[in-house]
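**Q** Can you look at this prediction? I've put the sequence above it.
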Amino acid sequence: MLHELSFTTNNKIELMDITHEIEEFVKESGVEEGRLLIFVPHATAAVIVNEHESGLLNDYVKWLKKTFYTGGWEHDLIDNNAAAHLASAFIGCSRTLPVREARIVRGTWQNIFLVELDGPRKNRKVVLQTIKKV
(Lines give C-alpha, C1' and ligand atoms only; values in the text may rest on other atoms or scores of the structure.)
Protein backbone atom coordinates (compact mmCIF):
# COMPACT_ATOMS: atom_id res chain seq x y z
CA MET A 1 0.00 0.00 0.00
CA LEU A 2 1.34 3.43 -1.00
CA HIS A 3 0.39 6.64 0.78
CA GLU A 4 1.58 10.25 0.75
CA LEU A 5 1.62 12.63 3.69
CA SER A 6 2.06 16.40 3.36
CA PHE A 7 3.54 18.77 5.93
CA THR A 8 4.16 22.50 6.25
CA THR A 9 7.45 23.54 7.84
CA ASN A 10 8.07 26.87 9.52
CA ASN A 11 11.83 27.23 9.85
CA LYS A 12 14.98 27.12 7.71
CA ILE A 13 16.12 24.00 9.62
CA GLU A 14 13.48 22.02 11.46
CA LEU A 15 12.94 18.52 12.83
CA MET A 16 9.27 17.57 12.69
CA ASP A 17 8.14 14.47 14.58
CA ILE A 18 5.91 12.54 12.17
CA THR A 19 5.79 9.28 14.12
CA HIS A 20 2.08 9.43 14.95
CA GLU A 21 0.98 9.98 11.34
CA ILE A 22 3.19 7.13 10.16
CA GLU A 23 1.94 4.76 12.86
CA GLU A 24 -1.65 5.55 11.84
CA PHE A 25 -0.86 4.73 8.21
CA VAL A 26 0.74 1.39 9.15
CA LYS A 27 -2.28 0.48 11.28
CA GLU A 28 -4.68 1.35 8.44
CA SER A 29 -2.58 -0.44 5.80
CA GLY A 30 -3.60 -3.86 7.12
CA VAL A 31 -0.02 -5.16 6.97
CA GLU A 32 0.59 -7.38 10.00
CA GLU A 33 4.16 -8.47 9.18
CA GLY A 34 6.54 -6.86 6.72
CA ARG A 35 8.38 -3.62 6.14
CA LEU A 36 7.66 0.08 5.93
CA LEU A 37 9.49 2.29 3.46
CA ILE A 38 9.63 6.00 4.33
CA PHE A 39 10.80 8.21 1.46
CA VAL A 40 11.14 12.01 1.26
CA PRO A 41 11.03 13.05 -2.43
CA HIS A 42 12.96 16.29 -1.94
CA ALA A 43 16.62 17.19 -2.55
CA THR A 44 16.67 19.52 0.47
CA ALA A 45 14.92 17.42 3.13
CA ALA A 46 15.71 14.14 4.89
CA VAL A 47 14.34 11.60 7.35
CA ILE A 48 15.88 10.32 10.59
CA VAL A 49 14.99 7.99 13.44
CA ASN A 50 16.07 9.25 16.85
CA GLU A 51 14.95 10.35 20.30
CA HIS A 52 12.44 13.17 20.68
CA GLU A 53 14.24 15.16 23.35
CA SER A 54 14.46 18.95 23.02
CA GLY A 55 18.18 19.17 23.85
CA LEU A 56 19.04 16.51 21.29
CA LEU A 57 16.86 18.18 18.64
CA ASN A 58 18.61 21.50 19.33
CA ASP A 59 21.99 19.74 19.15
CA TYR A 60 21.04 18.26 15.79
CA VAL A 61 20.23 21.73 14.41
CA LYS A 62 23.53 23.08 15.83
CA TRP A 63 25.43 20.19 14.21
CA LEU A 64 23.76 20.84 10.85
CA LYS A 65 24.60 24.54 10.98
CA LYS A 66 28.19 23.92 12.07
CA THR A 67 28.78 21.17 9.49
CA PHE A 68 26.94 22.38 6.40
CA TYR A 69 25.73 25.98 6.78
CA THR A 70 29.18 27.57 6.67
CA GLY A 71 28.98 29.20 3.24
CA GLY A 72 31.44 29.11 0.40
CA TRP A 73 29.70 26.38 -1.58
CA GLU A 74 29.69 26.73 -5.36
CA HIS A 75 26.02 25.81 -5.68
CA ASP A 76 25.17 28.89 -3.59
CA LEU A 77 25.91 30.99 -6.67
CA ILE A 78 22.78 29.48 -8.25
CA ASP A 79 20.17 29.49 -5.48
CA ASN A 80 21.92 29.76 -2.09
CA ASN A 81 20.88 26.38 -0.72
CA ALA A 82 23.94 24.17 -1.22
CA ALA A 83 24.05 23.37 2.51
CA ALA A 84 20.54 21.89 2.35
CA HIS A 85 21.45 19.71 -0.63
CA LEU A 86 24.65 18.48 1.01
CA ALA A 87 23.02 17.78 4.37
CA SER A 88 20.17 15.87 2.70
CA ALA A 89 22.63 13.69 0.79
CA PHE A 90 24.59 12.85 3.95
CA ILE A 91 21.54 12.22 6.16
CA GLY A 92 19.46 10.36 3.57
CA CYS A 93 16.02 10.62 2.09
CA SER A 94 14.67 7.20 3.12
CA ARG A 95 14.44 4.67 5.93
CA THR A 96 13.11 1.12 6.04
CA LEU A 97 11.62 -0.17 9.28
CA PRO A 98 10.22 -3.58 10.19
CA VAL A 99 6.50 -4.03 10.82
CA ARG A 100 5.37 -6.64 13.35
CA GLU A 101 1.81 -7.16 14.60
CA ALA A 102 0.67 -4.15 12.52
CA ARG A 103 3.10 -1.81 14.32
CA ILE A 104 6.42 -0.25 13.42
CA VAL A 105 9.27 -1.96 15.24
CA ARG A 106 11.27 0.77 16.95
CA GLY A 107 13.14 1.28 20.18
CA THR A 108 11.58 2.91 23.23
CA TRP A 109 13.19 6.26 22.45
CA GLN A 110 13.04 6.13 18.65
CA ASN A 111 10.73 8.49 16.79
CA ILE A 112 10.61 9.38 13.10
CA PHE A 113 11.45 12.91 11.99
CA LEU A 114 11.12 14.83 8.77
CA VAL A 115 14.23 17.01 8.60
CA GLU A 116 13.61 20.32 6.85
CA LEU A 117 16.85 21.77 5.52
CA ASP A 118 15.64 24.61 3.26
CA GLY A 119 12.46 25.95 4.79
CA PRO A 120 10.01 27.17 5.44
CA ARG A 121 8.02 25.12 2.92
CA LYS A 122 4.26 24.78 2.45
CA ASN A 123 4.24 21.28 1.00
CA ARG A 124 6.84 18.75 2.11
CA LYS A 125 5.84 15.25 1.09
CA VAL A 126 6.60 11.97 2.80
CA VAL A 127 5.84 8.85 0.77
CA LEU A 128 5.05 5.69 2.72
CA GLN A 129 4.79 2.14 1.44
CA THR A 130 4.05 -0.99 3.40
CA ILE A 131 5.43 -4.23 2.05
CA LYS A 132 3.67 -7.35 3.28
CA LYS A 133 5.79 -10.35 4.26
CA VAL A 134 5.04 -13.30 1.99
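**A** On my side now, so go ahead.
**Q** any idea which helix or strand comes after the helix or strand harbouring Ala84?
**A** Assigned by DSSP states H and E, Ala84 belongs to helix 82-91. As assigned by DSSP H and E, the chain's next helix or strand after helix 82-91 is strand 94-100.
**Q** Let me see the residues that make contact with that next one.
**A** Applying CB atoms under 8 Å, 6 or more residues apart in numbering, the contact partners of strand 94-100 are 26, 31-40, 47-49, 104-106, 112, 130. For every residue, glycine as well, the C-beta is placed using N, CA and C.
**Q** one more time with 6 Å, if that's ok
**A** Contact with strand 94-100 is made by Val26, Val31, Gly34, Arg35, Leu36, Leu37, Ile38, Phe39, Val47, Val49, Ile104, Val105, as judged by CB atoms under 6 Å, 6 or more residues apart in numbering.
**Q** Equivalent analysis for stretch 11-31, please.
**A** 1, 3, 5, 36, 52, 57, 61, 64, 99, 102, 104, 111-116, 119, 128, 130, 132.
**Q** Much appreciated, bye for now.
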